[in-house]
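1. my questions are about this predicted structure, shown below with the sequence.
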Amino acid sequence: MGRIRILPGVLPVALAVLLVAVALPLFFSVGAASATAPVVDAADCTDERENDLVGCWEGVHHTDDPDADLGIDQADGLSDGELTNLTYLKMARVEAIRERPFKSAVDVDVLTREEFAEGQTATERDPEFDRWNDQVWKALFVIGEDDSSGEVIDEVFSGAVAGFYSPADDRIVIVVGDEEAVQVSPSTLLHELGHAMQDQYDDLSDPRYTGATQDGDLGIDGAVEGEVVYMEEVYAERCADEWACTPEPTGTGGGGGDPNLGVLFTVLQPYSDGAAYVDELIEDGGWEAVDELMADPPETTRETIHREPFEPTPIDLNDTAEEGWERYADQGVNGSDTVGEASMFVSLWYQSETHGAQFRDPVDITDTDDAHPYQLYNYSHPATNGWANDVLYPYRNDGGDEERDGYVWRIEWDSDDDAERFHEAYLRILDAHDAEHRSDGLYDVAEGDFRGTYGIERNDTTLTIVHALEPEEVFELRPALDPTDPPVTLEGDDSFDDPVGDEFGDLPDEPTGEDDVVGNDDAPGFGIVVALAALAALLSAGALVARRSRTL
C-alpha cells in the first residue's frame, strides 16, 4: 500500500483508508541512523547540481518566494514548469525541517479523480479475508451484520484520496479534480515528499515495518505518519512566521457519500497521536530520537496514545470450538487479529454517537483541551486506558445449509478494575441495543445491525467475549464459557453496583448531573462536524493510511 492523504474539502464526506491495492504494502524498514546537517544559506544555493546541500534543491532555496522568485500561481492551474518548481521548493523545505538532504529526485505525477477511480475498480478483493475482517469490525460495533467490511471501507475511501507515495515506483501521485486546471495542495505535496525522504533513508519496502495486526499497523503508523505530520505542523508554523507559502487551492473536493465514521476515526489515530509523540522525542533527543523510533517503531496504539513504550501481556487462547466451527488459518496471526486500545476507544465513541450508548465518563473524541497541541483528537478513556493486549479470532461454520460466522475475543487488562471498567462499558453498548439478559447469562440482541447473542466472562484481569447469531452457537464456539456477570463494584458511582441489562436500573434519557452516566449530549454527528473542521484546519490536507493486502 502507498501512503494516503485526504483532501480537506472532502473531510465531511469521506476520508481515505484501507485500500487493498494502491501502490505497495505499507512497509517501512530499518534504515541507518541519519545524522542531521546544517541548512545552507540562500547565497550558497545557486548551483543546480549541488543537491547534497540541505535546504536547497536544483538551485531552489527553502526561503524562496513561490510567486515572486519561482513564478508559481495556481489561480489558473499549474503548468508543468510551475509544478516542477513547486516540487523543488517543497523538497528544499522538507530538507530544512528534517535537517538532511534528499538522496535523489522524486517524480511527481498527476491523476484526475476519474483516472484514479478507474484504477481502483480494477482491484479484486479477497472474499475470505473480507469475511474474516467482517467479524473484526462487528466485534468493535463499527460495521454491522448486514454490511461488508470491504464495501464499507471502499466507501470511506471513495473520492477522498489527495495523493500517495509509491515505494514501488519511487514516485508521488497527486489526485486532483476532473476539471482541466491542475491545482495541487502544497501540504499534500509536502506530506508525500516527507514519505519519499523516509523511503530514501529507511527503505519503505522492508517488511519489518508491516504490522501483523490492526493494532500493530496503527502503532507503526504512529511513528511513520507521526514524523511526517510533525513536519507539516512545523511547515505551517514557518509559513506563518518566515516563509512565503502557496495557499491551499479551493474547490478541490472529492466525491459524496456517507462514510462510516468509526472506520474513519480508527485510522486517524496515528496522525493525531503520532505527531505529538514525535514532537516530545525531538524535544528530548532531537532528530536522532526519531531515527531510533523508526528503527524500532511502536507495535501498539497504547504506546502512541500515552507516549511511552509498552510491552503487551502475552495471551494464550486455545481453540475449543465444536460442531464444525473453524478459525481462518491463513488470515491474520494464525487466524487472529489484535484490535488494540485505539480501535476499542473508537468502538465506545462510535456507539455513543450512533446509538446513544451512555457511559460513566463521556467518550468525546474532540476533547483535546488538555492534550498536546499537535493532537487533533482524543483517544484516551478510563474504560480503555488499561488495555494490556487482546486477541480476536473470527470463526466460520459452513457445515449447514448456510454460512455461519462468529468470534471469540479475549482481552487482557492491567488490573482487575481496568477489566471491570471495560466490562461495564461493553454492557452499556449492549444496553443501547436493547439486549435481553437471559437466564443462562448470555445477552440477546433481537434486531438491528449488531443482532445476535453475546457471552461475556470476566476473570480477574481477563475478559472473554463470544458472539454468534444464536445462543447455542455461543457455547459451541466456547463450550467452557461461564457468562455469569460478576457485580460491578467500581468506586465513585453507586449507580453501577449492579450489572447492566434487565437487572439494571434504566439509564436516564439525558444526563442529570456531572456524576451521572453520560454519552454525547449533542445530537449524534454534531461533534463530527467540529472535528472534521478542526482536521481540515489543523492538519491541512488531513492524513490517512492505506493498509496492505489486509485492511483494517
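-> In hand now; what should we look at? Residues are numbered from 1 along each chain as shown.
2. buried sites along stretch 458-471?
-> 458, 461-468, 471 (16 or more other Cβ atoms under 10 Å). To be clear about C-beta, it is placed using only N, CA and C from the backbone, and glycine gets the same treatment.
3. now the strands for the stretch 1-150 of the chain?
-> Secondary structure of the stretch 1-150 of the chain, counting by DSSP state E, counting those that start in this stretch: strands at 3-6, 56-57, 60-61, 107-112.
4. which strands and helices sit next to the longest one?
-> If contacts are counted by 3 or more Cβ pairs under 8 Å, 6 or more residues apart in numbering; DSSP states H and E, strand 107-112 sits against helix 80-98, strand 171-176.
5. related to what we said a few turns ago, will you turn the strands of the stretch 1-150 of the chain into TSV that also has distance to R410, mean neighbour count and mean pLDDT?
-> Output for the strands of the stretch 1-150 of the chain, formatted as TSV (distance: least, Cβ to Cβ, whole Å; neighbours: other Cβ atoms under 10 Å; pLDDT from 0 to 100):
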stretch	distance to R410	mean neighbour count	mean pLDDT
strand 3-6	32	30	40
strand 56-57	51	28	96
strand 60-61	55	24	96
strand 107-112	44	16	91
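6. ok, which of these comes nearest G406?
-> Of all the strands of the stretch 1-150 of the chain, it is strand 3-6 that lies closest to G406, at 32.0 Å by Cβ to Cβ.
7. for Y328, find the nearest of the strands of the stretch 1-150 of the chain.
-> When the strands of the stretch 1-150 of the chain are compared for distance to Y328 using Cβ to Cβ, the nearest one is strand 3-6, at 26.3 Å.
8. can you redo the buried residues of stretch 458-471 as JSON lines with pLDDT?
-> Shown next, in JSON lines, are these (pLDDT from 0 to 100):
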{"residue": "R458", "pLDDT": "96"}
{"residue": "T461", "pLDDT": "97"}
{"residue": "T462", "pLDDT": "97"}
{"residue": "L463", "pLDDT": "97"}
{"residue": "T464", "pLDDT": "97"}
{"residue": "I465", "pLDDT": "98"}
{"residue": "V466", "pLDDT": "98"}
{"residue": "H467", "pLDDT": "98"}
{"residue": "A468", "pLDDT": "98"}
{"residue": "P471", "pLDDT": "98"}
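9. nearest to T313, of these?
-> Nearest to T313 among these: T461, at 8.2 Å, using Cβ to Cβ.
10. surely the closest one meets E412?
-> Yes: taking contacts as Cβ atoms under 8 Å, T461 lies within contact range of E412: 6.0 Å.
11. shared neighbours of the two, anything?
-> Contact criterion Cβ atoms under 8 Å, 6 or more residues apart in numbering; residues shared by T461 and E412: A388.
12. re the thing from before, so which of the strands of the stretch 1-150 of the chain gets nearest C245?
-> Smallest distance to C245 across those (Cβ to Cβ): 14.1 Å, for strand 60-61.
13. residue boundaries of the strands in the stretch 401-550 of the chain?
-> Applying DSSP E, counting those that start in this stretch to the stretch 401-550 of the chain gives strands spanning 404-413, 436-437, 443-445, 452-459, 462-468, 543-545.
14. looking at those strands, which one has the lowest mean pLDDT?
-> Per-segment mean pLDDT for the strands of the stretch 401-550 of the chain reaches its minimum on strand 543-545, at a mean of 31.
15. most centrally placed residue in the protein?
-> Centroid-nearest residue in the chain: V267, 1.3 Å away (criterion: Cα atoms, centre = their mean).
16. which parts of the strand or helix carrying that one are buried?
-> For V267, the host element (DSSP states H and E) is helix 261-295. Using 16+ other Cβ under 10 Å as the test for burial, helix 261-295 gives 261-279, 281-282, 287, 290-291, 293-295.
17. by contact count, what packs against it?
-> helix 149-157, helix 214-241, helix 301-306, helix 340-355, helix 526-538, strand 543-545.
18. mind checking which of these is nearest P479?
-> The closest of the helices and strands packed on helix 261-295 to P479 is helix 340-355. By Cβ to Cβ, the value is 26.2 Å.
19. chain center to that closest one, what's the gap?
-> Centre-to-centre, helix 340-355 and its host chain are 13 Å apart (Cα atoms, centre = their mean, to the nearest Å).
20. then it to CSV, C-alphas only?
-> C-alpha atoms of helix 340-355 as CSV (Å, rounded to 0.1, in the frame of the first residue of the first chain):
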residue,chain,number,x,y,z
GLY,A,340,-5.9,-2.6,20.3
GLU,A,341,-6.7,0.4,22.5
ALA,A,342,-7.4,3.0,19.8
SER,A,343,-9.9,0.8,18.0
MET,A,344,-11.6,-0.1,21.3
PHE,A,345,-11.9,3.6,22.2
VAL,A,346,-13.4,4.3,18.8
SER,A,347,-15.9,1.5,19.4
LEU,A,348,-17.2,3.2,22.5
TRP,A,349,-17.2,6.6,20.9
TYR,A,350,-19.0,5.4,17.8
GLN,A,351,-21.7,3.6,19.7
SER,A,352,-22.2,6.8,21.8
GLU,A,353,-22.6,8.8,18.6
THR,A,354,-24.7,6.5,16.6
HIS,A,355,-26.8,4.5,19.1
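21. got the angle between it and strand 404-413?
-> 120 degrees (axes from the mean of the first three to the mean of the last three Cα atoms, to 10 degrees).
22. where does pLDDT dip in the stretch 451-552 of the chain?
-> The model of the stretch 451-552 of the chain has pLDDT under 70 over residues 485-552.
23. wait, D414 touches F422, no?
-> No: when contacts are counted by Cβ under 8 Å, D414 is not listed as touching F422 (11.0 Å).
24. coming back round to it: dump the strands of the stretch 1-150 of the chain to a markdown table, plus distance to A96.
-> Compiled in a markdown table, the strands of the stretch 1-150 of the chain are given as follows (distance: least, Cβ to Cβ, whole Å):
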| stretch | distance to A96 |
| --- | --- |
| strand 3-6 | 21 |
| strand 56-57 | 9 |
| strand 60-61 | 9 |
| strand 107-112 | 19 |
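25. which of those sits closest to Y209?
-> Closest approach to Y209 among the strands of the stretch 1-150 of the chain (Cβ to Cβ): strand 3-6, 11.9 Å.
26. check the burial of the closest residue to E242 other than its chain neighbours by counting its neighbours.
-> Excluding the flanking residues, the one nearest E242 by Cβ to Cβ, 6 or more residues apart in numbering is T63, at 7.5 Å. Per other Cβ atoms under 10 Å, the neighbour tally for T63 reads 20.
27. go on, D69?
-> Count around D69 with other Cβ under 10 Å applied: 15.
28. do D154 as well
-> Neighbourhood size, D154 [other Cβ under 10 Å]: 19.
29. same question for E48.
-> Using other Cβ under 10 Å, E48 has 12 other residues around it.
30. neighbours around the residue nearest to it when sequence neighbours are not counted, how many?
-> Closest residue in space to E48, ignoring its immediate chain neighbours: G59 at 4.3 Å, by Cβ to Cβ, 6+ apart. G59 has 15 neighbouring residues, counting by other Cβ under 10 Å.
31. good, we can wrap up now.
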